[in-house]
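Peer 1: Generate a structure from the sequence data that follows.
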Amino acid sequence: MAGELTVIAEFETTPATYDRFLKVCTYDSERSVADESGCHSFTVLSSETEADTVILMEVYTDHAAFEEHLRTPHFEVFSNAVKELDIKERSVRFLKKRAP
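Peer 2: Predicted coordinates for the structure are as follows:
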């Protein structure tokens with residue numbers, strides 16, 4: 001679908017917080033795909049070269065669908081975990097699909 005919004009968010013954890021953060025990301029991913037009609041995919045990735053890095057790749061119908069995601073109960077769980085675990089947000093990129 002042309003014009004889809006892809007969000008790529010990169011986070012830095014610690015050895016002590018990595019597993020717990022990964023579980024929260026997995027929960028957010030599963031709920032987003034199951035509960036949000038505007039969320040087409042939500043992939044949780046880990047780096048092969050940076051042990052404490054977690055990357056989220058999310059695809060939404062458009063920016064409005066992403067804004068709706070930010071108001072969901074599962075995102076609130078994720079957001080709270082970021083604060084509680086003191087997870088560092090390295091970057092968040094918003095990309096528009098242009099092809100195919």
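
Peer 1: Can you pull up the most central residue in this protein?
Peer 2: For the chain, the residue whose C-alpha lies nearest the mean C-alpha position (Cα atoms, centre = their mean) is L56; its distance is 3.9 Å.

Peer 1: Could you pull up the residues touching it?
Peer 2: For L56, the contact set (Cβ atoms under 8 Å, 6 or more residues apart in numbering) comprises V7, I8, A9, E10, F11, C25, S29, F42, T43, V44, L45. C-beta here means a position set from N, CA and C on the backbone, and glycine is covered the same way.

Peer 1: ok but the fourth one is inside a strand, no?
Peer 2: Yes. Membership of E10 in a strand is supported by DSSP: H, G, I helix; E, B strand; the rest coil.

Peer 1: OK, contacts around it?
Peer 2: Applying Cβ under 8 Å, 6+ apart as the definition, the contact partners of E10 turn out to be T53, V54, I55, L56, E89, R90, S91, V92.

Peer 1: most surrounded residue in those?
Peer 2: Neighbours here are counted as other Cβ atoms under 10 Å. On that basis the top member of the contacts of E10 is V54, with 22 neighbours.

Peer 1: surely that one meets C25?
Peer 2: Yes. At 6.0 Å, V54 and C25 qualify as touching, with contact defined as Cβ atoms under 8 Å.

Peer 1: and for those two, which residues touch both?
Peer 2: With Cβ under 8 Å, 6+ apart, V54 and C25 have common neighbours V44.
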